[in-house]
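Student: Sequence and predicted structure, then a few things I'm wondering about:
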Amino acid sequence: MKIAICVKIVQGELNPFDASALECALQMEGVHRTVVCLGPPGVAGALRKMTRLGDFRTVLLSDTAFAGSDTLATSYLLASFLKTISPDVIFCGRQSIDGDTAQTGPSLAARMGFSLQTQVLEFSGRKGRSREGEFQVSTPTVLTFERSYPLRFPSLRSRVREVEILDRHALDVDLSRCGTQGSPTRVVQTFEAPRGRRKCQWISWSELEPLVRELRHQAKKSVKIPPSEKRLPQVCAVGREIAHYAEAIAEEVVYWEKVSVEELVARAKQEKPRVILWNADVWGRQTAPQVAVELETGLCADCTALETDGERLWMYRPAVGGNILAKIECRTRPVMATLRTVQASGEVVIAGGKGVAKKWDEILRWAERWDAQAGASRGLVDQGVAPYPLQIGLTGKSISPKVYLAVGISGAVQHLCAVENADTIIAVNADKNARIFEYADYGIVKAF
């Protein structure tokens, strides 16, 4: 079996999701491995260090013409190389920690004509386990990995091997499809991400339960998206979960059913819509990138807001772990975007973070006793303590309960962006200087 592992170097380090994919490949016996990376010449040093980890060929796709590639151009360049080695299986990390788009794997599947399996936790050659359960694969296929395999350290006797560097001439690519020239999406402007700070009122532990009882009986505040002053004549929405986004920017919304990639592509080619909007759920994140490749158009992922002047559409999405808000435009048609939606939750959500990793069972009992829904931070899920369906955050779900109780959660931007629509946020943390208190309505300093 021939395995290709697509990796990205972020700030001099191997992207952790890609590291998981690489470790899985290294644990498999009797396979031929090729690691491929798209990046500037400067990442060659990090790749050389990585060659000490095991037996694999390492290839860097690097050329000034490749700089600025968005996910559409990136998948074109990677596929141009991968077609020369004809792998049976392509491993990718689910997403990169700087972009968080999760588009490269699905885009490659479409370009290569491979099947796709996302959210992979384990894989042994023909079968594996994903966040949605066990699966079996028939090659060729693309697998995208969660951070489930800790990457090994190099052995003391390992040696550094050379990295092959391939440029535009070696790949024989169409330059109009590479770099900024071949990237339909581009960042127009960036801002410091506005995350609603709240004025924290300190309370005692004994006041917590009466406060929650009082708050859960108050009327729920509605989360509304104000209509745009000027609207687009028409947009298409795949599914009705994003109706509030679509109806705020368009005079007319045409709703499409969630059908196969092939059916959606055929309909888009026939009806030629200007805009197609998708829900950023698991299905949308898998399907939209594949449709974008088939239509050779841009796709903006995980948008939190849309803006229009009646002619053009701008999309806003968090970047750099949620610290930055990017305003993005698409130069091709149809313009496509996946949109983060608030998922249904209980009136009260009690979530645990790494600070309560050893007391997760107590959090669950607490939630049951209070008739509350349990949640978890990404750190707790990455440790394997809590299941992924409970993950709240940029790479999990967004919620809007009456009361959100965060226990042992530090307050990373990636987490806060998913709970900012909660009516009331209560934080419990042993560290009075924890960032979470800046975004909480009530705070309790206590080791749980």
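Tutor: Arrived safely. Note that the structure is a prediction, hence the values are computed from the model and not measured.
Student: any idea how far Arg52 is from Ile392?
Tutor: Ile392 sits at a distance of 37 Å from Arg52 (criterion: CB to CB, to the nearest Å). Just so you know, the C-beta spots here come from the backbone N, C-alpha and C atoms, and that holds for glycine as well.
Student: Which one of these two is surrounded by more residues?
Tutor: Ile392 (28 against 15; other CB atoms under 10 Å).
Student: Just give me the neighbour total for the nearest residue to that one once chain neighbours are set aside.
Tutor: Spatial nearest neighbour of Ile392, excluding adjacent residues (CB to CB, 6 or more residues apart in numbering): Gly375 at 4.6 Å. Close neighbours of Gly375, defined as other CB under 10 Å, add up to 33.
Student: Val381 touches Gly396, doesn't it?
Tutor: Yes - here Val381 reaches Gly396: they are 7.5 Å apart, a contact under CB atoms under 8 Å.
Student: on that earlier part again, just the C-alpha atoms of the host helix or strand of the residue nearest to Ile392, please, in PDB.
Tutor: Using DSSP states H and E, Gly375 sits within strand 373-376. Output of strand 373-376 as PDB, limited to C-alpha atoms (Å, rounded to 0.1, in the frame of the first residue of the first chain):
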ATOM      1  CA  GLN A 373     -26.500  19.700  29.500                       C
ATOM      2  CA  ALA A 374     -22.800  18.700  29.800                       C
ATOM      3  CA  GLY A 375     -20.100  20.300  27.600                       C
ATOM      4  CA  ALA A 376     -16.300  20.300  27.400                       C
END
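Student: Helices of the chain, residue ranges please.
Tutor: 16-27, 44-50, 71-85, 104-112, 168-171, 208-216, 243-249, 261-271, 282-295, 360-369, 378-382, 413-416 (DSSP state H).
Student: The first one versus helix 104-112: what angle between them?
Tutor: Between helix 16-27 and helix 104-112, the angle comes out at 60 degrees (axes from the mean of the first three to the mean of the last three CA atoms, to 10 degrees).
Student: which of the helices of the chain has the lowest average pLDDT?
Tutor: Note on the helices of the chain: helix 413-416 shows the lowest mean pLDDT, a mean of 82.
Student: Does anything pack onto that one? Which helices or strands?
Tutor: Applying 3 or more CB pairs under 8 Å, 6 or more residues apart in numbering; DSSP states H and E, one finds that helix 413-416 contacts no other helix or strand.
Student: Show me the shaky parts of the stretch 301-448 of the chain.
Tutor: 320-322 (pLDDT under 70).
Student: circling back: against Ala406, how distant is the residue nearest to Ile392?
Tutor: Gly375 sits 9 Å away from Ala406, going by CB to CB.
Student: Could you pull out the residues contacting both of these two?
Tutor: Common contacts of Gly375 and Ala406, defined by CB atoms under 8 Å, 6 or more residues apart in numbering, comprise Ala351.
Student: doesn't Leu313 make contact with Ile328?
Tutor: No - assessed by CB under 8 Å, Ile328 is found out of contact with Leu313, at 9.7 Å.
Student: ok, the nearest residue in space to Thr139 that is not next to it in sequence - contacts?
Tutor: Leaving out its chain neighbours, the residue that sits closest to Thr139 by CB to CB, 6+ apart is Asp88, at 4.2 Å. When contacts are counted by CB under 8 Å, 6+ apart, Asp88 touches 1-3, 139-141.
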